[in-house]
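1. here's my sequence, what's the structure:
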Amino acid sequence: MNADLIDRNWADILRVASTMAAGTMRPSQLLRKLAAYPRQNELAAALREVGRIERSLFMLDWTTDPDMRRRALVGLNKGEAHHALKRAINFHQRGELRDRTGEGQHYRIAGLNLLAAIIIYWNTQKLSEAVFARQKADLETPAEFLTHVSPLGWEHINLTGEYRWPGAGPRPT
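-> Numbering: from 1, shown residues only. The predicted model follows:
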């Protein structure tokens, strides 16, 4: 770690951080400006050093905090389940977009997203009805049980056919 470099550029580092926190400049915009310099920028080098410190602190937190790792794994599993649902919906073409035009691809993706949202909404509705029925029947429904229930399942839905966005062109015969 080059503490001297960070110390020399500390005022600029604080200015950059406050500018991004205020929303005046996006981080991507800052990176573009720093990358545009023809030679190594001292502020960029100082920010890289601060980033190394932050990454080291995060890795220490990661290794010592099992709850943080569990939360990250839960988030990853949700993302994977969402992608698995979309793959299952689009199984006919094995997840490939074969539309040649950008507009056709856009319609295909929009239709896929709409259908996934409809399935998730329907599952959420049915899950809430099931929880309400359990409560009405005076059956215990612990909150920690509900954290393991997801509306991303599709095994109970017959996914066959081709799903097209209205106006996406003629149907194949």
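2. so which helix or strand takes in residue 156?
-> Assignment of secondary structure by DSSP states H and E places residue 156 within no helix or strand.
3. now do it against residue 127, distance only.
-> Residue 156 is 12 Å from residue 127, where distance means Cβ to Cβ, to the nearest Å. For every residue, glycine as well, the C-beta is placed using N, CA and C.
4. neighbour count: those two, which is higher?
-> For residue 156 versus residue 127, the count of surrounding residues by other Cβ atoms under 10 Å is larger for residue 127: 15 against 7.
5. the more buried one reaches residue 151, doesn't it?
-> Yes. Counting by Cβ atoms under 8 Å, residue 127 does reach residue 151; the two are 6.0 Å apart.
6. what mean pLDDT does stretch 41-58 have?
-> For stretch 41-58, mean pLDDT rounds to 91.
7. meant to ask about stretch 158-173, not that
-> On average, stretch 158-173 scores 59.
8. repeat that for stretch 88-103.
-> On average, stretch 88-103 scores 70.
9. distance between the ends of it?
-> Separation of the first and last residues of stretch 88-103 by Cα to Cα, to the nearest Å is 23 Å.
10. and stretch 129-148, by the same measure?
-> For stretch 129-148, the end-to-end distance is 17 Å (Cα to Cα).
11. with stretch 148-159 instead?
-> End-to-end for stretch 148-159, by Cα to Cα: 24 Å.
12. just how off-centre is that stretch within its chain?
-> 20 Å (Cα atoms, centre = their mean, to the nearest Å).
13. closest to the centroid, which residue in this protein?
-> By Cα atoms, centre = their mean, the chain has its centre lying nearest to residue 79, at 6.6 Å.
14. so where does that residue fall, helix or strand?
-> helix 66-89.
15. residue 13 now?
-> Judged by DSSP H and E, residue 13 forms part of helix 10-22.
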